[in-house]
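A.B. asks: need a structure here:
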Amino acid sequence: MTSTTRSRTPAKVPMRDFSQSLPMSLLRAREGVMRHFRPSLRSHDLTEQQWRILRALAASGEIEVTELARVAFLLGPSLSRILRDLEQRKLIARHLLKSDLRRNIVSITAKGLKLIEVVAPSSEAIYGEMTRRFGARKLAELQAMLHELEICLQAMPAEDGDDADAPPDNSPA
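C.D. replies: Now for the predicted structure:
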């Protein structure tokens, strides 16, 4: 047997068990949720990130690109590529702010809103089934608790001094 196939005893580390890692628990829950939404998004030729952008734009109207990156939790380089793709598909429109030509403003187009209308029934059906299985009260409590956790952690200084509002780097602790 090689060292990679041999049964090993878990290492004793001075921290909580991996199964109790909050970032991992949140990632597992996110994956559990998203695996139900991905097929619908794929069937409409959308990625999760594109959908987040379209939803954010539908909710906010016109928005500056850096603010869109913040609300959609996307890094700038990824956002630039995604915006380019959505603009080519005529789902969004971009223009420069007249008072400050360094600022790019993004909005959803009528075609983008129509796509949301097409995807919405599938999305709402998934939410309906999740609500039926998990319970409306528990789902509302979970969302409230996650929001409360987010607010609480915003006030907690990051160990490395990173901006608390920066998009995640997807590296769980």
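A.B. asks: the protein: helices as residue ranges?
C.D. replies: Taking DSSP state H as the test, the helices found in the chain are 22-43, 48-60, 65-72, 76-88, 110-134, 136-154.
A.B. asks: could the ones you listed be laid out in JSON lines, adding distance to Pro10 and mean pLDDT?
C.D. replies: C-beta here means a position set from N, CA and C on the backbone, and glycine is covered the same way. Conversion of the helices of the chain to JSON lines gives the following (distance: least, CB to CB, whole Å; pLDDT from 0 to 100):
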{"stretch": "helix 22-43", "distance to Pro10": "15", "mean pLDDT": "96"}
{"stretch": "helix 48-60", "distance to Pro10": "33", "mean pLDDT": "96"}
{"stretch": "helix 65-72", "distance to Pro10": "38", "mean pLDDT": "94"}
{"stretch": "helix 76-88", "distance to Pro10": "36", "mean pLDDT": "94"}
{"stretch": "helix 110-134", "distance to Pro10": "31", "mean pLDDT": "97"}
{"stretch": "helix 136-154", "distance to Pro10": "28", "mean pLDDT": "96"}
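A.B. asks: tell me where the longest strand sits in the chain.
C.D. replies: Looking only at the chain and at elements set by DSSP state E, the strand with the highest residue count is strand 100-108.
A.B. asks: any idea how far Leu79 is from Phe73?
C.D. replies: Between Phe73 and Leu79 the computed distance is 10 Å (CB to CB, to the nearest Å).
A.B. asks: could you dump the helices of the chain to TSV with distance to Ala11 and mean neighbour count?
C.D. replies: Compiled in TSV, the helices of the chain are given as follows (distance: least, CB to CB, whole Å; neighbours: other CB atoms under 10 Å):
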stretch	distance to Ala11	mean neighbour count
helix 22-43	16	13
helix 48-60	34	19
helix 65-72	38	18
helix 76-88	35	15
helix 110-134	35	13
helix 136-154	28	11
